[in-house]
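Visitor: I need the structure of the sequence given here:
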Amino acid sequence: MKIAIAADHAGFRLKQSLVDRLEAQGHRVFDFGTNTADSCDYPEYAVEVSRSVASGETARGILVCGTGLGMCITANKVAGIRAVGPCDVTQAEMSRRHNDANVLCLGERTMDNRMIFDMVDIWLSTEFEGGRHARRLELIAELEGK
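Guide: Numbers count the residues shown, from 1 in each chain. Alright, predicted model coming up:
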């Protein structure tokens, strides 16, 4: 799968671990930065990943910051993005199954790596159910003018 990924300074180390892990699993990873732990502005990175996913260049996106919250807020400003910041594996799974979430937002400072890796694995492997859930996504798309 083609996956866009980015982080700010607070998520830089976790992003690096995720890139290595995803590539080892056979995914094609597009790393949009940051490439240092120097302070930076997360919206710049969130929007690049979100535009990549919304355009279809990549299938899904992963964003990492200290809490995942700022990245999630920013990503959801891009039309066609359904970004989520789940608290556990069940929420990660259901965000795909029922909401067809296409951007996953994670907090390096608020979650341990084992849980994050489990959430990423289930999020990437879960398919959208469609059906009544597709109708709901159409209602959301109408809010974006699509």
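
Visitor: Which parts of this structure are strands?
Guide: Secondary structure of the chain by DSSP state E: the strands cover 2-7, 28-31, 60-65, 83-84, 103-107.

Visitor: now the angle from the third one to strand 2-7?
Guide: Angle, strand 60-65 to strand 2-7, by axes from the mean of the first three to the mean of the last three CA atoms, to 10 degrees: 10 degrees.

Visitor: which regions of this protein lie under the pLDDT threshold?
Guide: Counting by pLDDT under 70, the chain contains low-confidence residues at 146.

Visitor: and the residue most central in space within it, what does it touch?
Guide: For the chain, the residue lying nearest the average C-alpha position, counting by CA atoms, centre = their mean, turns out to be residue 104 (2.3 Å). The contact partners of residue 104, taken as CB atoms under 8 Å, 6 or more residues apart in numbering, are 60-63, 83-86, 92, 95, 119-120, 123. C-beta here means a position set from N, CA and C on the backbone, and glycine is covered the same way.

Visitor: What degree of burial does residue 44 show, as a neighbour count?
Guide: Residue 44: 14 surrounding residues under other CB atoms under 10 Å.

Visitor: so where do the helices sit in this protein?
Guide: Per DSSP state H, the chain has helices spanning 12-24, 42-55, 69-75, 89-97, 113-125, 132-143. These are given in chain order.

Visitor: still on that earlier bit, can you put the strands of the chain in CSV and add distance to residue 137?
Guide: Listed next are these as CSV, based on distance: least, CB to CB, whole Å:
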stretch, distance to residue 137
strand 2-7, 20
strand 28-31, 24
strand 60-65, 15
strand 83-84, 13
strand 103-107, 14
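
Visitor: Select, out of the ones you listed, the one closest to residue 144.
Guide: Minimum separation from residue 144 across the strands of the chain (CB to CB) falls at strand 83-84, 13.1 Å.

Visitor: what's the closest one in contact with?
Guide: 50, 61, 63, 71-72, 75-76, 91-92, 95, 99, 101-105.
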